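> Have a look; sequence and predicted model below, questions after that.
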Amino acid sequence: MNTSNKPPRRVVIAGGGTAGWMMAALMGKLLGKQLDIKLVESEEIGTVGVGEATIPALHTFHNLLGINEAEFMAATNATFKLGIKFEGWKDIGQDYFHSFGTTGNDHWSAGFQHFWLKGQAAGIAREYTDYNPETVAAYADRFAHVPRSGLNYAYHLDAGRYAKYLRAMSESYGVQRIEGKIAAVLMDGPQGRDGDITALQMQDGSRIDGDLFIDCTGFRAMLIGEALGVGYEDWSYWLPCDRAVAVQTASVREAWPYTRSICHPFGWQWRIPLQHRVGNGLVYSSKELSDADAPDVIRNNVEGELLIQPRVIKFLPGQRHKVWHRNCIAVGLASGFIEPLESTSIHLIQRSAIRLMQLFPTQGVNPADVDEFNLQCERELTHIRDFIVLHYHVTKRSDSALWNHVRTMEVPATLKHRIELFRESARVFRPSDELFAENSWIQVMMGQGITPQSYHPVADLMGREELARFLGDIHLKVSRTVAGLPQHQAYVEQLCAPYRHATTAQLAATPLRA
């Protein structure tokens, strides 16, 4: 029997962690009354669990689930994130900031960067970042929810606690958690991979039957890859880093409201401050740094006492040829991976969960729906890939073979066009459904060292005095907004205080996975 020809009623999620429980929570809330949803995970199998920085799109997911922000932050020891500080990416000793939100005021015909470029040429403009409230607030370690002219923000969170928080929510919607290891993936086709998945055979001899299977088994991709044989597109030519080593340290200072991305000859390092600790890690090329040496390198480049020992994670940048095949959908690391330089891992899980709810096969798996799902996933991941490659390619670093390669490599045609367009005319155009907005591309391209050769002629409609007032008014508004904000650490503590005891008790009832 081919389960794709009938409406799915039994959904099996293979694997927990952030991917599994995000999927379970949303599916449970929206379809829990119509479906039998089971999630299979083993306490003996650890999760990668290093995706601790997010982007503002997570607000959409939390709104769908009706999550109380302060409760969630108390439960996950979260802090606020206003952007990413890139240290040494343009060249050694040169930093820049990629913030959320917008910079300055746009005109319908041209973005703010055109007016700023004219102001720079006239000697009357400040640094580009001075016109962005998120950047100014980040460097001042300030944050608050500001009505009307609010700051755009995301979170730093404890990924293990986040999965635990979502597990409690999922189980309240009727999702059943099954503890155990998967021994085999059973299929109904006479030639194995030619058929649908019918069940998961567990090591204890039990069998979990299903109609629709969600593969959240991480890099192993036990269902979509091993069982169904869906191949993988390798992007390591453009993204040569293939390892990460992660460690947690005790906090030695107040949490700052941004992620730090620190460049090295072998790759880069992250620092993510939570309320109770700091997440640290290296993303590196195994051709530049050995797996044996990487733990010592991270130990020597962190602050505070180590709370866990470093562990090396191997990965291959790229994407599955299809993330929905037959009656199986791959989510999270099983579907593909782009290194966490712009904190997109949790976002891609979220998008897959929402996309599946929009295209859920209520009447049975429809090939047109499957094709659309795969097309949207491929397009989104390709856009993100280009944005990440931009950081590597547009650089002046020449201190290792890694940086010489990425600086001189041939980049995808889609990215090459964007770079040339901005370099020649300061213009940025993007598809309406693309994740990163124009301001993100502008900040990174200018931060990495691209200086546009010209600007839009509409900027010349402003005389020198008018342009000075225009820029001055924006800077004054930003300065006043930031000056009125409290310190980030104090604000987080005040916000979470009423929920601290309640969430601690709630999480204590749910075993915490590593």
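On my side now, so go ahead. Numbering: from 1, shown residues only.

> so where's the chain uncertain?
1-5, 45-51, 149, 190-194, 502-514 (pLDDT under 70).

> Just give me the residue right at the centre of it.
Geometric centre of the chain, nearest residue: residue 344, 1.8 Å, by C-alpha atoms, centre = their mean.

> Hmm, residue 54 and it touching each other?
No: counting by C-beta atoms under 8 Å, residue 344 sits too far from residue 54 to count as a contact (9.1 Å). All C-beta spots, glycine's among them, are computed from the backbone N, C-alpha and C.

> Surely residue 332 touches residue 218?
Yes: if you go by C-beta under 8 Å, residue 332 and residue 218 touch, sitting 7.0 Å apart.

> who has more neighbours, the two?
residue 332 (30 against 21; other C-beta atoms under 10 Å).

> give the contact list for the more buried one.
Each residue near residue 332 by C-beta atoms under 8 Å, 6 or more residues apart in numbering is listed here: 15, 17-20, 216, 218, 345, 348-349, 352.

> Quick check: nearest residue in space to it, chain neighbours excluded?
Nearest residue to residue 332 in three dimensions, chain neighbours excluded: residue 19, at 3.0 Å (C-beta to C-beta, 6 or more residues apart in numbering).

> same thing with residue 414?
Of all residues not flanking residue 414 in the chain, residue 386 sits nearest, at 5.6 Å (C-beta to C-beta, 6+ apart).

> One more: residue 77?
Spatial nearest neighbour of residue 77, excluding adjacent residues (C-beta to C-beta, 6+ apart): residue 275 at 4.2 Å.

> Residue 156 versus the one you found, what's the distance?
Distance from residue 275 to residue 156, counting by C-beta to C-beta, to the nearest Å: 9 Å.

> so how far does stretch 309-322 reach from one end to the other?
Stretch 309-322 has an end-to-end distance of 36 Å (criterion: C-alpha to C-alpha, to the nearest Å).

> For that stretch, list every residue counted as buried.
310, 312-313, 315, 317-320, 322 (16 or more other C-beta atoms under 10 Å).

> what touches both of residue 332 and residue 218?
Joint contacts of residue 332 and residue 218 (C-beta under 8 Å, 6+ apart) are 15, 17, 19.

> Which of the residues you listed has the largest number of neighbours?
Neighbour tally across those (other C-beta under 10 Å): the maximum, 32 neighbours, falls on residue 19.

> distance between the helix or strand hosting it and the chain's centre?
Using DSSP states H and E, residue 19 falls within helix 17-31. The chain centroid and the centroid of helix 17-31 are separated by 17 Å under C-alpha atoms, centre = their mean, to the nearest Å.

> Direction included, what does whatever helix or strand comes next after that helix pair against?
Going down the chain from helix 17-31, the next helix or strand is strand 36-41, by DSSP H and E. Within its sheet, and counting by DSSP bridges, strand 36-41 is paired with strand 10-14 (parallel), strand 176-179 (parallel).

> Report all helices and strands that the helix or strand just after the last one contacts.
What it means is strand 176-179. Heading C-terminal from strand 176-179, the first helix or strand you meet, by DSSP H and E, is strand 182-189. Applying 3 or more C-beta pairs under 8 Å, 6 or more residues apart in numbering; DSSP states H and E, one finds that strand 182-189 contacts strand 192-202.

> what's the distance between residue 224 and residue 368?
According to C-beta to C-beta, residue 224 stands 20 Å off from residue 368.

> From the buried residues of stretch 309-322, which land in strands?
312-313, 318-320 (DSSP state E).

> wait, which of these is closest to residue 39?
Proximity to residue 39 was ranked across these by C-beta to C-beta; first place goes to residue 320, at 21.1 Å.

> hey, what's the closest one bridged with?
Legend: beta-bridge partners of residue 320 under DSSP bridges are residue 232.

> pretty sure it contacts residue 229?
No: the criterion here is C-beta under 8 Å, and residue 320 misses it with residue 229 at 11.0 Å.

> what about residue 357, distance to residue 201?
From residue 357 over to residue 201 the distance is 29 Å, taken as C-beta to C-beta.

> Over to residue 370?
From residue 370 to residue 201 the distance is 25 Å (C-beta to C-beta).

> Between those two, tell me which one has more neighbours.
Per other C-beta under 10 Å, whichever of residue 370 and residue 201 has more neighbours is residue 370, with 20 against 14.

> That one reaches residue 324, doesn't it?
Yes: if you go by C-beta under 8 Å, residue 370 and residue 324 touch, sitting 4.9 Å apart.

> Identify, by residue count, the longest helix of this protein.
Determined from DSSP state H, the single longest helix within the chain is helix 367-393.
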